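J.: I would like the atomic coordinates for the input below:
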Amino acid sequence: MTAASTSLEPWVTPAATALRAQGFVVLEQFVPRIALVRMSSLVRSMLVDRLGPAMAPMMHGGDEGRDTPPGKDLVLWMKLRPQEQAIAALSPLVRRARCIAAVALEAEPDAVEIGGRLFHKPARVGGRTPWHQDDAYDDPSSPRRRMTMWIPLVDVSPTSGCMLFVPNSHHGRLRPHQAGQGGRRLALSTTLDPADTTCAVPMEAGDVSLHLGRTLHASGANASPQPRPALALVCTVPSQAVGEQRPTAGGVEAGLRDTTDNLSLGSGRTPHAIAGSHNEDADR
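T.: This next block holds a predicted model:
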């Protein structure tokens with residue numbers, strides 16, 4: 001399989017080009033409605049099945065979630081095995097993420113490995129996610145390149161904990177990190193550099209954001225009356241596979257070089273978005 005052999009090619013090139021240019025990009029209305037419904041159902045079942053019925057209050061907004069104690073943010077890994085429910089819910093996005101990652105990471109699609117994560121910030125008390133780079137989680141003995149597709153299942157704003165990015169930070173070094181609060185997450189050991197410019201990225205349900213492993217990013221606390229569930233598809237390629245075999249069929253690589261000046265960046269709701277990325281055929 002090559003990236004150009006799929007029906008998703010119209011979105012692969014501009015998404016990968018923008019991602020490589022600035023380190024992150026938002027694709028507006030990228031997720032089919034039926035996929036959103038399936039993913040929301042998946043989140044509910046994961047919270048109850050893996051953590052028990054006691055987690056049910058965290059899944060709702062309003063007064064029902066008001067007494068949830070602080071520090072109860074959840075991060076759950078999903079192993080995307082063929083027999084698991086996650087595949088049925090995420091398969092359209094898994095295909096699209098693999099195609100974009102193959103071009104952005106300069107690898108064959110079959111070399112891209114994909115894992116899933118569930119992030120859940122409960123209403124009013126969901127904590128902030130500190131500034132970090134995903135490459136800091138690498139095992140030094142087997143380094144990998146990575147791209148993450150972040151998928152909010154509800155509208156997200158600065159009040160509810162939307163994503164924060166430092167544009168162009170992927171061109172820089174891997175900065176020192178340390179264990180964050182509770183030891184579960186990594187965080188920068190120092191503050192951001194004075195030259196770092198941050199931007200908040202509000203998104204609507206159906207949008208996705210993409211970012212690279214060196215891109216500095218974070219998310220704010222959830223002070224809103226509604227929970228903030230999100231899924232992430234983490235696409236990785238072994239470092240030795242990067243650059244060895246690039247997708248070549250159908251002019252994908254030529255398009256990557258030639259369309260930089262023709263991107264629709266800025267035509268969406270934010271300066272970092274590509275508008276109208278939704279493809280109904282992706283769910284079929």
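J.: switch to C-alpha atoms for all contacts and neighbour counts from now on
T.: OK.
J.: Buried ones in stretch 214-223, by neighbour count?
T.: By neighbour count on 16 or more other Cα atoms under 10 Å, the buried set for stretch 214-223 is 214, 215, 216, 217, 218, 219, 220, 221, 222, 223.
J.: Filter those down to the ones in strands?
T.: Applying DSSP state E to the buried residues of stretch 214-223, the entries found in strands are 217, 218, 219.
J.: low-confidence ranges in the stretch 151-284 of the chain?
T.: Across the stretch 151-284 of the chain, the ranges flagged by pLDDT under 70 are 180-184, 241-271, 275-284.
J.: Between the ones in strands among the buried residues of stretch 214-223, which sits nearest residue 119?
T.: The shortest approach to residue 119 among those belongs to residue 219, at 11.1 Å (Cα to Cα).
J.: Can you show me the strands along the chain?
T.: For the chain, the strands defined by DSSP E occupy 24-27, 74-78, 113-121, 129-132, 144-152, 163-165, 177-179, 186-188, 199-201, 208-212, 217-219, 228-238, 273-274.
J.: Name the residues that touch the first one?
T.: When contacts are defined by Cα atoms under 8 Å, 6 or more residues apart in numbering, strand 24-27 is touched by residues 15, 18-19, 165, 167, 207-212, 215, 272-277.
J.: For ChimeraX, what selects the buried ones among these?
T.: Here is the ChimeraX command that selects the buried residues among the contacts of strand 24-27 (16+ other Cα under 10 Å):
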select :15,18,19,165,167,207,208,209,210,211,212,215,272,273,274,275,277
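J.: For the ones in strands among the buried residues of stretch 214-223, could you give me a markdown table that also reports distance to residue 103?
T.: Shown next, in a markdown table, are those (distance: Cα to Cα, whole Å):
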| residue | distance to residue 103 |
| --- | --- |
| 217 | 22 |
| 218 | 25 |
| 219 | 27 |
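J.: if we take these, which one ends up nearest to residue 179?
T.: After measuring those against residue 179 - Cα to Cα - the closest member comes out as residue 218, at 14.6 Å.
J.: The nearest residue to the closest one once chain neighbours are set aside and residue 176, how far apart?
T.: Leaving aside its chain neighbours, residue 218 sits nearest to residue 131 (4.6 Å; criterion: Cα to Cα, 6 or more residues apart in numbering). Distance of residue 131 to residue 176, given as Cα to Cα, to the nearest Å: 11 Å.
J.: Can you check the pLDDT for residue 18?
T.: pLDDT recorded at residue 18 is 93.
J.: from what I can see residue 214 touches residue 169, true?
T.: Yes: the pair residue 214 / residue 169 is scored as a contact, 6.8 Å apart, by Cα atoms under 8 Å.
J.: which residues are common contacts for the two?
T.: Any residue near both residue 214 and residue 169 by Cα under 8 Å, 6+ apart counts here, and that gives residue 23.
J.: What's the local residue count around residue 126?
T.: For residue 126, the count of nearby residues is 27 (other Cα atoms under 10 Å).
J.: partners of it in the sheet?
T.: Judged by DSSP bridges, the bridge partners of residue 126 are residue 222.
J.: Would you check how far apart it and residue 138 are?
T.: From residue 126 across to residue 138, the span is 26 Å (Cα to Cα).
J.: And residue 129, by the same measure?
T.: Counting by Cα to Cα, the gap from residue 129 to residue 138 is 19 Å.
J.: before we move on, what about residue 31?
T.: Noted for residue 31: a distance of 29 Å to residue 138, by Cα to Cα.
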